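need the 3D shape of this:
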Amino acid sequence: GASSTTGLVIHLAKYLNTARCDPDTKLIYVGGGATWDPVDRAGAEHGLATVAGTISHTGVGGLVLGGGWGWLTARHGLALDNLAQVTIVTASGEILTANEKENPDLFWGCRGGGSNFGVITEFVFKAHPQRPTVFLSMIWFSVDRLEEVVNTMEAWLETAGPDETCHWGYFRGGPGSPNGEPIIRLMYFYNGPADDARKAAKKIYDLGPAGELAFDELPYLQLNSFQNGPMGHGGRKYCKGITVKPKLTPEAFKALITAVDEAVQDEPEFAASGVLFEFTPKGAVLAVPLDATAYAGRGTGRECLTFIFYQTPSLDSKARTAVRSFCQAVSRTTPVADHAGKGDDAIGIAYANYDPEPRAAGLVFGPNYHRLRELKAKFDPDGVFNKWYPIEPAVVA
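Next up, the predicted model:
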């Protein structure tokens, strides 16, 4: 969760950290302080899964209340779209159950409104049948193939199905980069057999990758923990999201690479810098009406995460400046999302969970902000919960 230097952090993980699955109702009950690992395990015992994140040591609450993109999003939508119920302690101390029938307005606000309405002590998720193994492949290209790769990835995304997702970008280190040389690397996921996966990713394979590390039958439980090591706790990390609209261009990617290279050249400790594009087919996300939940980022743009991993505290300010320069390099070469909404007309602002520098809540929540302000006035009129895009309570006449 977010750090708090002028408030109180309520730590739920010591006691409310478990998950249990009811296979008859296909529901997973999750403690408010749990990470996604016990959620994945509880569902897998019964051949079920819900939409989790992409790293299993991530906290459930922060991810789901702000959206929740995951490996299963293309098929089942956002994590918050799979939320069936919450138990919440409000600013007045009331303990309320919220779902589609009981306190439905509060349930609406919790799905996208972040921590604005109280402390969630239990989440209940819808679960879906999930095969025990999946296909995952790390595929890499030399940087001089940039234009071909960008164009191919855009072409692939146009026809990608609900069982596939690809995270890809510019990195140093890891598969294909044994000595830390710059590389373009893809992590391609397919929720099905390896033969079907390679057919679905034919456009990518036809490019002629420089190399591949494939897992034809990766246990689903290992999928969500695959990146736990590189994204482990500790050290210093600064990340910032941006949403490119409507498509990524080679020019934008070149500008990003130039900015990253300049930062690394200026400060060698920033060698673990890079950019990640999350190419997830958005059919299931766009199928949900914009006013069905408080979440207002259902746009058609391309989610991008820029980052620097480092160790020295005195470099904090320099790291923030560098990551901002990565995003500015993109915005100078291609349009980026600047308001919330849905579809092509309102492209959707950058994914709020990826932005450490909160802007005005009205920009993030877009057309849903007026209703959120009314809910804030009802459940937290004094603004007790005022972190992560704090909502201004409506003035009650």
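
would you map the helices across the protein?
36-44, 60-65, 73-76, 104-110, 146-159, 194-200, 202-205, 220-223, 250-266, 283-286, 316-331, 361-365, 369-379 (DSSP state H).

the first one: how far from the chain's middle?
The one in question is helix 36-44. Distance, stretch centre to chain centre, for helix 36-44: 18 Å (CA atoms, centre = their mean, to the nearest Å).

and the contacts of that helix?
Outside helix 36-44, the residues that touch it by CB atoms under 8 Å, 6 or more residues apart in numbering are 17-21, 28, 30, 49-50, 52-53, 55-58, 60, 63, 125, 127, 130, 132, 220-221, 224-225. The C-beta positions use only the backbone N, C-alpha and C, and glycine is treated the same way.

average pLDDT for that helix?
Averaging pLDDT along helix 36-44 yields 97.

pipe the helices of the chain into TSV and attach mean neighbour count and distance to residue 97 per row.
Shown next, in TSV, are the helices of the chain (neighbours: other CB atoms under 10 Å; distance: least, CB to CB, whole Å):
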stretch	mean neighbour count	distance to residue 97
helix 36-44	22	20
helix 60-65	25	16
helix 73-76	22	23
helix 104-110	21	9
helix 146-159	16	39
helix 194-200	16	41
helix 202-205	16	46
helix 220-223	18	30
helix 250-266	18	45
helix 283-286	18	26
helix 316-331	18	40
helix 361-365	23	24
helix 369-379	19	14
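
can you put the ones you listed in CSV and add distance to residue 174?
What follows is the helices of the chain, written out as CSV (distance: least, CB to CB, whole Å):
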stretch, distance to residue 174
helix 36-44, 22
helix 60-65, 24
helix 73-76, 24
helix 104-110, 37
helix 146-159, 17
helix 194-200, 21
helix 202-205, 18
helix 220-223, 17
helix 250-266, 15
helix 283-286, 28
helix 316-331, 19
helix 361-365, 32
helix 369-379, 40
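
out of the ones you listed, which is closest to residue 178?
For these, proximity to residue 178 was assessed by CB to CB; helix 250-266 is nearest, at 17.5 Å.

quick one: the closest one to helix 146-159, angle?
Angle, helix 250-266 to helix 146-159, by axes from the mean of the first three to the mean of the last three CA atoms, to 10 degrees: 130 degrees.

can you list contacts of helix 250-266?
By CB under 8 Å, 6+ apart, helix 250-266 touches 143, 146-147, 150-151, 170, 172, 182, 244, 270-271, 273-275, 306, 308, 322, 325-326, 328-330, 332-334.

circling back: which among the contacts of helix 36-44 count as buried?
For the contacts of helix 36-44, a burial check counting by 16 or more other CB atoms under 10 Å picks out 17, 19, 21, 28, 30, 49-50, 52-53, 55-56, 58, 60, 63, 125, 127, 130, 220-221, 224-225.

right, and residue 14 touches residue 33 too?
Yes - if you go by CB atoms under 8 Å, residue 14 and residue 33 touch, sitting 7.0 Å apart.

excluding covalently adjacent residues, which one is nearest to residue 20?
Once flanking residues are discounted, residue 20 sits nearest to residue 29: 5.2 Å by CB to CB, 6 or more residues apart in numbering.

what sits opposite that neighbour in the beta ladder?
Beta bridges link residue 29 to residue 20, residue 124 when assigned by DSSP bridges.

ok, it to residue 11 distance?
20 Å (CB to CB, to the nearest Å).

could you do residue 204 as well?
From residue 204 to residue 11 the distance is 43 Å (CB to CB).

do residue 103 as well
Applying CB to CB, the value for residue 103 to residue 11 is 25 Å.

which one's more surrounded, these two?
With neighbours defined as other CB atoms under 10 Å, residue 103 and residue 11 compare such that residue 103 has more, 19 against 9.

for residue 120, see how far away the closest residue to that one other than its chain neighbours is.
Closest residue to residue 103 apart from its sequence neighbours, by CB to CB, 6+ apart: residue 96 at 5.5 Å. Distance of residue 96 to residue 120, computed by CB to CB: 11 Å.
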